[in-house]
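Q: let's see this in three dimensions:
(chains A and B)
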Protein chains: 2
Amino acid sequence: MSPFQPGQIRALVFDVFGTVVDWRSSIIAEGQALSKAKAKHNELPEINWSDFADAWRAGYVPAMTKATTPLADGSTPWANIDVLNREILDGLLPRFGLEPLTEAERAHLNLVWHRLNPWPDTVRGLRLLKASYVISTLSNGNVSLLVNMAKHARLPWDCVLSSELARQYKPHPAVYQMAAHLLGLEPAQVMMVAAHPGDLRAAHKAGMRTAYVPRPTEYGPLPDNAPPPDALQSDAFDITATDFVDLARQLDKSAHT
Amino acid sequence: MSPFQPGQIRALVFDVFGTVVDWRSSIIAEGQALSKAKAKHNELPEINWSDFADAWRAGYVPAMTKATTPLADGSTPWANIDVLNREILDGLLPRFGLEPLTEAERAHLNLVWHRLNPWPDTVRGLRLLKASYVISTLSNGNVSLLVNMAKHARLPWDCVLSSELARQYKPHPAVYQMAAHLLGLEPAQVMMVAAHPGDLRAAHKAGMRTAYVPRPTEYGPLPDNAPPPDALQSDAFDITATDFVDLARQLDKSAHT
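A: Residues are numbered from 1 along each chain as shown, chains lettered A, B, ... in the order given. Below you'll find the predicted structure:
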């Protein structure tokens, strides 16, 4: 691939879960509020909502793999993330003592993924980036999830692109190719922004530029003695930024040099 | 279909060409600017840009029909609106004396459809509607056209949905069904907004609610003795509004009664 020239970038596409929104703390907060609302009548046992959030997230990759593995007849048992999240949730209900929840309450809890909260820099950073670039999601979340999340968190997307439109999940190359195609751009005019190196490596293979924005507390608070984020990553991507505001600053600076 | 209950509406999806933007005056203005820029060196003949805009638009429906008519082998020769507009434009170049334009100038002129201007009420009306509903395009324009137009005209969409995602053109039912499905809604929770009764009738058949917003000057200024818009239309749709601000007012009013 030719050297990175920031002036070539026309659109930024964003991973969402973990990169744009803090899924873990959002799920914990909503779970704790649910426990509190149910406490009057002792309807639920004491629940470790951190463990619950982690367990739900842990089911995500296996569920996507299953949903995109061809069946014996050659067809693909595609299902979107709302459906996969519900299947994972149903499997967790006994383990966490959530069986007293009604069907309506289970359906509502499943849609907590539509109500995730942004990182503190997210909205300000996106607004800065939107002034110079097309900004879009490129998430494994389904379109309605991403649209509802944007309403909830005031994310100012120009476009909502989802793996759902390709009926494949990242890191499948078809998802990245679809995004560039629908935006009417060459892959090299598109920069993938993610907190996850695997997503960025797949975007790079598809010809996109890459911005790595580590979110070190995605999986929970760091212990006091945690080492600094892996410095090695920095060299593997076109930009490494501490957050979205820093990303906007770096792109703005490099576009004027 | 059951009686219209405004409280059921969760999303409004909008036809774009003619309903949201004034394609005709936008193309005329850009054409006149092009003539002026070329006047120094007499590069172009005198061009009637109104006739040009009308001729370009007249090629639109036949081109979409051709692009969605199955071939002998059963495949569909799908092409998006950027491609179809360019084919129509190329056919018009000799007739309007536009052959002196370079390839880059032709390509730029073709993308005038990405730079169309909104009606005077559009942005204010969309902002009002966005406060209570998900607002999305549902246009035969391709995704990149709609995204670039939104940047140009500051259209605050929550989502950009296009016939391109269904590889069919409105009024094919698959386009309306796709929109409701991707928004995670029942068709009856979605209201199609359009200046074109045929689009609304197709949306209604697909189970959507309908709002008719006539744009009487879409095809040019009305003569002084023009009759009022066909009052008959009003009864055929759930709402008839004079513009998007009126639509917001009517929906707000009916939601509180």
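
Q: need the contact list for residue A:202.
A: Residue A:202 sits next to A:170, A:171, A:172, A:173, A:176 when contact means Cβ atoms under 8 Å, 6 or more residues apart in numbering or on different chains. Placement of C-beta: from N, CA and C, glycine included.

Q: what's the farthest-apart pair in these?
A: A:170 and A:173 (9.3 Å; Cβ to Cβ).

Q: higher neighbour count, these two?
A: Remark: of residue A:170 and residue A:173, residue A:170 carries more neighbours, 24 against 15, as counted by other Cβ atoms under 10 Å in any protein chain shown.

Q: my read is that that one contacts residue A:161, right?
A: No: Residue A:170 is beyond contact range of residue A:161, at 11.1 Å (criterion: Cβ atoms under 8 Å).

Q: pick the one among the contacts of residue A:202 closest to residue B:144.
A: Within the contacts of residue A:202, the smallest distance to residue B:144 is 15.8 Å, found for residue A:176 (Cβ to Cβ).

Q: ok, residue A:17 - contacts?
A: A:23, A:113, A:116, A:139, A:140, A:141.

Q: and for the closest residue to the fourth one other than its chain neighbours, the neighbour number?
A: Closest residue to residue A:139 apart from its sequence neighbours, by Cβ to Cβ, 6 or more residues apart in numbering or on different chains: residue A:16 at 3.8 Å. In terms of burial, residue A:16 registers 25 neighbours under the definition other Cβ under 10 Å.

Q: how much space separates residue A:16 from residue A:48?
A: For residue A:16, the distance to residue A:48 (Cβ to Cβ, to the nearest Å) stands at 26 Å.

Q: return the residues of chain A in contact with chain B.
A: A:82, A:134, A:136, A:142-145, A:147-148, A:150-151, A:158-160, A:164-165, A:182-185 (Cβ under 8 Å from any Cβ of the partner chain).

Q: before we move on, which element is the residue of the stretch 1-150 of chain A found nearest chain B in?
A: Residue nearest to chain B within the stretch 1-150 of chain A: residue A:144 (3.0 Å; Cβ to the nearest Cβ). Using DSSP states H and E, residue A:144 sits within helix A:143-153.

Q: identify all contacting residues around that helix.
A: A:16, A:21, A:81-82, A:111, A:113-118, A:122-123, A:137, A:139, A:141, A:155-157, A:160, A:162, A:164-165, B:134, B:136, B:158-159, B:182-185.

Q: got a list of what residue A:47 touches?
A: A:31, A:35, A:96, A:97, A:98.

Q: repeat that with 10 Å
A: Listed by Cβ atoms under 10 Å, 6 or more residues apart in numbering or on different chains, the contact set of residue A:47 reads A:31, A:32, A:34, A:35, A:38, A:96, A:97, A:98.

Q: likewise for residue A:217?
A: Listed by Cβ under 10 Å, 6+ apart, the contact partners of residue A:217 are A:18, A:22, A:24, A:25, A:119, A:226.

Q: distance of the residue of chain A positioned farthest from its centre from residue A:150?
A: What lies farthest from the middle of chain A is residue A:41; by Cα atoms, centre = their mean that is 35.8 Å. Separation of residue A:41 from residue A:150 (Cβ to Cβ): 35 Å.

Q: taking the stretch 151-257 of chain A, what residue is nearest to chain B?
A: Residue of the stretch 151-257 of chain A nearest chain B, by Cβ to the nearest Cβ: residue A:184 (3.0 Å).

Q: so how far is residue A:26 from that residue?
A: 34 Å.

Q: follow-up on the earlier one: what pLDDT is listed against the residue nearest to residue A:139?
A: Predicted confidence (pLDDT) for residue A:16: 98.

Q: and the helices in the stretch 101-250 of chain A?
A: A:103-110, A:122-130, A:143-153, A:173-182, A:197-205, A:244-255 (DSSP state H, counting those that start in this stretch).

Q: can you check which of those helices gets nearest to residue B:56?
A: Per Cβ to Cβ, nearest to residue B:56 of these: helix A:173-182, 23.8 Å.

Q: report the angle between that closest one and helix A:197-205.
A: Per axes from the mean of the first three to the mean of the last three Cα atoms, to 10 degrees, the angle that helix A:173-182 makes with helix A:197-205 is 60 degrees.

Q: quick check: buried residues in helix A:173-182?
A: A:175, A:176, A:177, A:178, A:179, A:180, A:181, A:182 (16 or more other Cβ atoms under 10 Å in any protein chain shown).

Q: do the same with stretch A:115-122
A: In stretch A:115-122, counting by 16+ other Cβ under 10 Å, buried: A:115, A:116, A:117, A:118, A:119, A:121, A:122.

Q: could you dump those into JSON lines with pLDDT added?
A: Putting the buried residues of stretch A:115-122 into JSON lines (pLDDT from 0 to 100) gives the following:
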{"residue": "A:115", "pLDDT": "98"}
{"residue": "A:116", "pLDDT": "98"}
{"residue": "A:117", "pLDDT": "98"}
{"residue": "A:118", "pLDDT": "98"}
{"residue": "A:119", "pLDDT": "98"}
{"residue": "A:121", "pLDDT": "98"}
{"residue": "A:122", "pLDDT": "98"}
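
Q: so which of the residues you listed are in strands?
A: Using DSSP state E, the subset of the buried residues of stretch A:115-122 located in strands is empty.

Q: picking up where we left off before, pull the most distant pair out of the contacts of residue A:17.
A: Farthest pair in those, by Cβ to Cβ: A:116 and A:140, 13.5 Å.

Q: any shared contact partners between the two?
A: A:16, A:17.

Q: so where is the stretch 151-257 of chain A shaky, pLDDT-wise?
A: Where the stretch 151-257 of chain A drops to pLDDT under 70, the residues are A:227-235, A:255-257.

Q: many thanks, we can stop here.
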